[in-house]
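>>> below is the sequence, then the predicted model.
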Amino acid sequence: MNPPPAGGAARWFERGRSGALAALALTIPLSLAGANLFWGLALGCWLGLLVTDPAARRYRSTGIEIPWLIYLAVELVTALWSDRPAHSLGKVKSEILIVVFLLYAQAPGERRRHVGLFLLGAGIAAALGLVQKSLGWTSEGVHGLARLLDTHRGRAQGFYSNPITYAEMLLFAIFLSLSRRREDGAGFPRWPWAVFALSVAAAAASATRAIWLAGPLALAVWAFRRKNGRVALALGAVLLGAAAAGVASPAFRARAASITDARTDSSHLIRKGVWVRSLALIREHPWRGVGIGNLHIAGRDLPWGGAAADSDWTEAHNIYLQMAVERGIPGLLVFLGLLAAYGRLLVKAAAAEPEWDGLLFGFLALCLAGLTESWTHDSEVVLCLYMMLGVAASRARVAPPHGN
């Protein structure tokens, strides 16, 4: 733990920052508006601490500053270089959430508390998603607070407005719950298993196929690379549960079967069409891209159909294609370098202590999910990612290596 800051005002700012970060960790899985409120409060307390406590002004490097600044510079250049610079600059929004990473990275000492609160919030969100799925309500005739129990076309969405971002948040809960240890490091507490089970079931109820594929694949890599029997057991349970759900639920079985239905499933047809059109746009604008927020593909232009003719597709359903289309090939390369910097940070944290393996392989799952979803535009997912990276940066800086 860090020594307490000097001065009464500094102590109050430190307590305020600590409380706001704890509330933020709990709130991220539950409410974007609430999360924005608490990271704003945490930032205000941190700025007050910088003014009142000279010791707090020592910035601790995390290793992602330069890659992130290069990425931001590319964002700004491509935005200004686009045909609609004001529009593109207006789309540079989620980048500001890097402050969440800085807040957690520069406030060491409460990592386990933050992760525990996040898992608690995710467990509550997962439970809500299962209630939503069991009720099966749609928007018709549902008003007021009862809308919290509404589904998105039969898909669980928790407190979020979209089942895809909800499922991507649950990825972190699934992986973190598998690596949660007791305070004394002597074993694993039981309650994370409950969060794991709820999160897996809720991810299934969200009907998000990208997560159905990316999650088990990353779990398999984790079990193989770390020779982790606990993770292998969890993977086996997930696969058995999926098989049982396929037998018991025709809807689940049909949704799972659609993963390989590239001929008639509308989602497949749309994604294939969007990818082909995105590649064509990359060939037309290889260096500067079309500009951030300027991707527009009409439904009538999709080669295999699947969407209404007057529909407008602004996401490539692939974060790597999205980067290349909007920012050009140089922008894609810079983005890949940024992901590599994130990965190095997480590898360092996992090397310091295996408890943080869940962060590393959860990040791998998110990158795999990015092959079919454009989560870089989703503030909820970016918030989760930056919080976890901040926890990892804090952990990697102070933990001794294995054997010490």
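Here it is on my side, so go on. Numbers count the residues shown, from 1 in each chain.
>>> Three-state assignment for the closest residue to residue 344 other than its chain neighbours, please.
Computed as CB to CB, 6 or more residues apart in numbering, the closest residue to residue 344 that is not its neighbour in sequence is residue 63, at 6.6 Å. C-betas here are computed from N, CA, C, even on glycine. Applying DSSP: H, G, I helix; E, B strand; the rest coil to residue 63 yields a three-state assignment of coil.
>>> pretty sure residue 63 is touching residue 345, no?
Yes: distance between residue 63 and residue 345: 5.7 Å, which falls inside the contact criterion (CB atoms under 8 Å).
>>> how about the helices in the stretch 201-350 of the chain?
According to DSSP state H, counting those that start in this stretch, the stretch 201-350 of the chain carries its helices in the segments 209-226, 229-248, 250-257, 266-284, 319-352.
>>> the shortest one vs helix 229-248, what angle?
Angle, helix 250-257 to helix 229-248, by axes from the mean of the first three to the mean of the last three CA atoms, to 10 degrees: 120 degrees.
>>> next: the last one.
With the same axes, to 10 degrees applied, the angle from helix 319-352 to helix 229-248 works out at 140 degrees.
>>> what is the burial count for the closest residue to residue 319 other than its chain neighbours?
Computed as CB to CB, 6+ apart, the closest residue to residue 319 that is not its neighbour in sequence is residue 370, at 3.8 Å. One way to gauge burial is a neighbour count; for residue 370, by other CB atoms under 10 Å, it gives 23.
>>> please tell me how far residue 370 sits from residue 39.
Taken as CB to CB, to the nearest Å, the spacing of residue 370 relative to residue 39 amounts to 23 Å.
>>> kindly report the same for residue 293.
Residue 293 is 24 Å from residue 39, by CB to CB.
>>> more crowded one of these two?
Ranked by neighbour count (other CB under 10 Å), residue 293 and residue 39 place residue 39 first, with 25 against 19.
>>> can I assume the more buried one is in contact with residue 20?
Yes: Residue 39 is within contact range of residue 20, at 7.5 Å (criterion: CB under 8 Å).
>>> OK, contacts around residue 387?
Residues near residue 387 by CB atoms under 8 Å, 6 or more residues apart in numbering: 24-25, 28, 100-101, 104, 114, 118.
>>> and residue 64, by the same measure?
Under the criterion of CB under 8 Å, 6+ apart, the contact partners of residue 64 comprise 101, 338, 341-342, 345, 389, 393.
>>> tell me the pLDDT of the residue nearest to residue 344.
Per-residue confidence (pLDDT) for residue 63: 90.
>>> contacts only, for it.
If a contact means CB under 8 Å, 6+ apart, then residue 63 has 341, 344-345, 348, 393 as its contacts.
>>> any idea how far it is from residue 319?
Residue 63 sits at a distance of 22 Å from residue 319 (criterion: CB to CB).
>>> thinking again about what came up before, what subset of the contacts of residue 63 is buried?
The neighbour-count criterion (16 or more other CB atoms under 10 Å) marks 341, 345, 348, 393 among the contacts of residue 63 as buried.
>>> just the closest of these to residue 109, please.
Out of the buried ones among the contacts of residue 63, the one with the shortest distance to residue 109 is residue 393. That distance is 13.1 Å, counting by CB to CB.
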